[in-house]
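S.K.: make a model of this:
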Amino acid sequence: MPIVVDVDVMLAKRKMSVGELADRVGITPANLAVLKNGRAKAVRFTTLAALCEVLDCQPGDLLRWEGEVGAAG
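M.R.: I've put the predicted structure just below:
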C-alpha cells in the first residue's frame, strides 16, 4: 500500500497509549489498531479530524504517500 499511516509515531511523540487515544477519539482500540497497523482500507474525515484534534497535528503528520517500487506512472 503506497499510503503509510504514522499514528504510532504521533502516539510516541505525545507519550499517549493506543487505549487513551481511542477513548479520546471515540473509536474502539481494535479499529485504531487496524488503522495504526496499515490494514485500514479507508478513513473517515471525521475520524481523521478527531485524531488531528486529539494529537494536535495535521493530517500530513499521520498519513504519507510512499510510491511503490516498479509502479507505472
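
S.K.: you'd agree residue 41 is in a helix?
M.R.: No. Counting by DSSP: H, G, I helix; E, B strand; the rest coil, residue 41 is located in no helix; its state is coil.

S.K.: next one: it relative to residue 34, how far apart?
M.R.: 9 Å (C-beta to C-beta, to the nearest Å). Yep, even glycine has a C-beta here, placed from its N, CA and C like the rest.

S.K.: swap in residue 22?
M.R.: Where residue 34 is concerned, residue 22 sits at a distance of 11 Å (C-beta to C-beta).

S.K.: show me which of those two is the more surrounded one.
M.R.: Higher neighbour count among residue 22 and residue 34: residue 22, with 19 against 15, using other C-beta atoms under 10 Å.

S.K.: that one and residue 35 touch, don't they?
M.R.: No. Assessed by C-beta atoms under 8 Å, residue 22 is found out of contact with residue 35, at 9.9 Å.
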